[in-house]
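Participant: no sequence on this one, just coordinates:
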């Protein structure tokens, strides 16, 4: 994930709604960091699976527990920033439409 692209997109989006203050930048940094960690945790979860066998039988993997925790953190940050699910979808589309270096090189 391109952290700076998402950070800028969130800030521009919040500014367009008159819903951005400088203090929000810290929360946005944490949000984007947690989103990146969430994607990595998901990859690990897909590789390792939901459960593993321990001394006392099956148990949830550490990857699954981390994934659940990070999901809650991301949802909480979105809520604090006041971004609705509909707005999140719009934001995701706006970020996807932006060209980056990869697009410039291979287009």
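Facilitator: Cool, got the structure. Worth saying up front: this structure is predicted, and the values here are computed from it rather than measured. Residues are numbered from 1 along each chain as shown.

Participant: Spell out the secondary structure type for the residue most central in space within the chain.
Facilitator: The residue lying closest to the centre of the chain (C-alpha atoms, centre = their mean) is residue 35, at 2.2 Å. Recorded secondary structure, residue 35: helix (DSSP: H, G, I helix; E, B strand; the rest coil).

Participant: Once you drop chain neighbours, what's closest to it?
Facilitator: Ranked by C-beta to C-beta, 6 or more residues apart in numbering and with sequence neighbours excluded, the top spatial neighbour of residue 35 is residue 74, at 5.7 Å. For glycine as for every other residue, the C-beta is placed from the backbone atoms N, C-alpha and C.

Participant: Double-check that that neighbour belongs to a helix.
Facilitator: Yes - applying three-state DSSP, one finds residue 74 inside a helix.

Participant: quick revisit: so the residue nearest to the centre of the chain sits against residue 6, correct?
Facilitator: Yes - with contact defined as C-beta atoms under 8 Å, residue 35 and residue 6 form a contacting pair (7.0 Å).

Participant: Show me what counts as buried in stretch 9-23.
Facilitator: Using 16 or more other C-beta atoms under 10 Å as the test for burial, stretch 9-23 gives 9-10, 13-14, 20.

Participant: Right, I'll call it a day here.
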